[in-house]
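Visitor: Got a sequence here, can you model it:
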Amino acid sequence: MTPPDNHSEEGFLEHDHVDCAAVMADVYLLLDHECDQEVRKRLEAHLDECGPCLEAYGVEEKIKRLLSRKCGGDRAPKYLRERLTIEIRKQVTIRRVIADD
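Guide: As a prediction, the model looks like this:
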């Protein structure tokens, strides 16, 4: 999942101290209802203000629904979800550092 990159010359624009890369790294937490209310509000506020992130969120939501329909809704074990979340965040951070250079 690549964060929207048409926001600024650097590739990211902050909305209320939440940048697009951080939002897209956490989008599955929001989709899976696995974040607390504070994080949910922060992500939803960003999506309300940022068209490219909202569009990317919509695509991810459609993919998740399709996978759920086709795969029977099985949940991955907690350790696997945590490991994948860490790896996704690493990739987004690496991409952001490269984009900032």
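Visitor: which outside residues touch stretch 68-81?
Guide: Contacts with stretch 68-81, where a contact means Cβ atoms under 8 Å, 6 or more residues apart in numbering, come from 34, 84. Glycine gets a C-beta too; all of them are placed from N, C-alpha and C.
Visitor: Excluding residues flanking it in the chain, which one is nearest residue 26?
Guide: Nearest residue to residue 26, sequence neighbours excluded (Cβ to Cβ, 6 or more residues apart in numbering): residue 43, at 6.0 Å.
Visitor: tell me the contacts of that neighbour?
Guide: 18, 23, 26-27, 29-30, 35.
Visitor: nearest to residue 56, of those residues?
Guide: The closest of the contacts of residue 43 to residue 56 turns out to be residue 27 (Cβ to Cβ; 7.5 Å).
Visitor: so where does the spatially most central residue of the chain fall, helix or strand?
Guide: Centroid check for the chain by Cα atoms, centre = their mean gives residue 24 as the closest residue, at 2.2 Å. In the assignment (DSSP states H and E), residue 24 maps to helix 20-31.
Visitor: which of the residues in whichever helix or strand comes after that helix are buried?
Guide: Of the helices and strands lying after helix 20-31 in sequence (DSSP H and E), the nearest is helix 37-49. By 16 or more other Cβ atoms under 10 Å, the buried positions in helix 37-49 come out as 42-43, 46-47.
Visitor: Which pair in these has the greatest spatial separation?
Guide: Across the buried residues of helix 37-49, the longest distance by Cβ to Cβ is 9.9 Å; it joins 42 and 47.
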